[in-house]
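Engineer: After the sequence you'll find the predicted model.
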Amino acid sequence: MGCGRAGARLAGMLDADGHQVTILDTDSYAFRRLSPEFHGTALVGNGLDEDILRRAGIEGADIFVAMTQGDNRNIMASQIAKHIFNIPRTVCRIYDPLRQEIFNTLGIETFSPTTIFTDILKQHIEGKR
Amino acid sequence: MYIIIVGGGRVGYYLTKALLDEKHEVVLVEKDETICNAINDELGSVSIRGDGSEVSILSDIGTNRADMFIAVTGDDEDNLIACQLAKHHFKVRRTIARLLNPKHAHLFEKLGVDVPVISTEAILEIIEAEVPTHTLTHLRNIEDRKLEIIEIRIPPKATAIGKAVKELKIPPAAVLALIIRKGIKPFCPSDETIIQADDSVIAATPVEAENNLRMSLGVSDPKDA
């Protein structure tokens, strides 16, 4: 869910590895970011809408990844996937590090690009000193 | 009571005002600076600028000692996440969230919202009651019992008019609780009660028997009324 730069790139990589990938975005213009080699499905719709998720084939999915720009949207969509559709794994991007920690303890796999990126940057800066 | 409200739109504003009038301690969290200032100018310093799903703001305003946490922004996801933080991180006893998509109500309850308030459904109920041709009004859902309390108004051409309750094929799971009739005190109907035109019948029924109940009273589908 979310075909931004990261979403489109991840979808392309997973597709290239032979996984069956469906990518969702509310704006069809976002799909321009998908590589021409992408063989998966691109679907316009809101990932918070259960009907859209069903149409995207969520019921047979092994993993659901939420990576829109909105932290709360990602958290809510992941929880829908986990608690309504019983998807075995849900991964969720949360920019806000504090929110990420809290929701990690509430049972969804969360990643904070803020934490990851600043950690790498800090190591890089200090390593070069 | 100490009450925190997230979202300074129309709902949040009037709610804050009403709760202040009732002498509660209220803090309103609003993202937009202009709205925040306008509310403070009018109601005194009650509004703080910030994101209601950010832990630092919620800590600053003492969410851990709040008796009630109410999220009424225009976005379901923001209301849900704010309430989840209040419930699970700050241990607020009672959380209330406004939601626009009725389909999310169950999820909200499951994830830490004590009272999901579905504004679209609430509006629909009021409209149902106001439209005179509408013969059926949903008064209340009792979610955990799968029951609803409804009001059926008997229109002049209903087939039940002039018949006793026992002659009607009321679904076994439904109960006629009260009849409100013009000019007399409302009363509990017995088997012998004769239904009259313009009666208002208050009944409790399982959701799935609602249609049969309506038919048994000879009231046609609200859409054709």
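Structural biologist: Looks like it came in fine.

Engineer: Are the top helix by length along chain A and chain B in contact anywhere?
Structural biologist: Looking across chain A with DSSP state H, the single longest helix is helix A:113-128. No: judged by CB under 8 Å from any CB of the partner chain, helix A:113-128 makes no contact with chain B; its nearest approach is 13.0 Å. All C-beta atoms are positioned from the backbone trio N, CA, C, and that covers glycine.

Engineer: which helices and strands does the one helix or strand in chain B whose mean pLDDT sits lowest pack with?
Structural biologist: In chain B, the helix or strand scored least confidently by mean pLDDT, DSSP states H and E is helix B:119-130, which has a mean of 74. Judged by 3 or more CB pairs under 8 Å, 6 or more residues apart in numbering or on different chains; DSSP states H and E, the packing partners of helix B:119-130 are strand B:136-142.

Engineer: one more time with 10 Å, if that's ok
Structural biologist: Counting contacts by 3 or more CB pairs under 10 Å, 6 or more residues apart in numbering or on different chains; DSSP states H and E, helix B:119-130 packs against strand B:94-99, strand B:136-142, strand B:147-153.

Engineer: so how many other residues sit close to B:V175?
Structural biologist: 17 (other CB atoms under 10 Å in any protein chain shown).

Engineer: For beta bridges, what are the partners of it?
Structural biologist: Beta-bridge partners for B:V175, by DSSP bridges, are B:A204.

Engineer: Can you tell me the closest non-neighbouring residue to A:M1?
Structural biologist: Counting by CB to CB, 6 or more residues apart in numbering or on different chains, A:M1 lies nearest to A:G47, which is 3.7 Å off, once chain neighbours are set aside.

Engineer: repeat for B:E54
Structural biologist: Of all residues beyond its chain neighbours, the one nearest B:E54 is A:D96 (6.6 Å), with distances taken as CB to CB, 6+ apart.

Engineer: What count of nearby residues applies to the one you found?
Structural biologist: 19.

Engineer: Settle this for me: it is touching A:F111, isn't it.
Structural biologist: No: using CB atoms under 10 Å, A:D96 makes no contact with A:F111, being 11.9 Å away.

Engineer: can you give me the end-to-end distance of stretch B:6-13?
Structural biologist: End-to-end distance for stretch B:6-13, by CA to CA, to the nearest Å: 10 Å.

Engineer: same thing with stretch B:162-172?
Structural biologist: Stretch B:162-172 has an end-to-end distance of 21 Å (criterion: CA to CA).

Engineer: What's the mean pLDDT across that stretch?
Structural biologist: The average of the pLDDT scores along stretch B:162-172 is 90.

Engineer: Buried ones in it, by neighbour count?
Structural biologist: Of the residues in stretch B:162-172, B:165, B:168, B:170-171 count as buried by neighbour count, 16 or more other CB atoms under 10 Å in any protein chain shown.

Engineer: what does stretch B:85-103 give?
Structural biologist: Of all the residues in stretch B:85-103, those buried under the rule 16+ other CB under 10 Å are B:85-90, B:92, B:94-99.

Engineer: so which strand or helix has residue 14?
Structural biologist: Just so you know, I chose chain A. For A:L14, the host element (DSSP states H and E) is helix A:5-16.

Engineer: meant chain B actually
Structural biologist: Secondary structure assigned from DSSP H and E places B:Y14 in helix B:10-21.

Engineer: Next, the angle from that helix to strand B:94-99.
Structural biologist: Angle between the axes of helix B:10-21 and strand B:94-99 is 150 degrees (criterion: axes from the mean of the first three to the mean of the last three CA atoms, to 10 degrees).

Engineer: Give me the helices and strands touching helix B:10-21, please.
Structural biologist: Going by 3+ CB pairs under 10 Å, 6+ apart, helix B:10-21 lies up against strand B:2-6, strand B:25-30, helix B:33-43, strand B:47-49, strand B:68-71, strand B:94-99.

Engineer: Close to chain B: what parts of chain A are there?
Structural biologist: Residues of chain A lying close to chain B by CB under 10 Å from any CB of the partner chain are A:46, A:48-51, A:70-77, A:79-80, A:82-84, A:94, A:96-99, A:101-103, A:105-106.

Engineer: filter those to the buried ones?
Structural biologist: Counted by 16+ other CB under 10 Å, the residues of chain A next to chain B give A:46, A:48-50, A:70-77, A:79-80, A:82-84, A:94, A:96-99, A:102-103 as buried.
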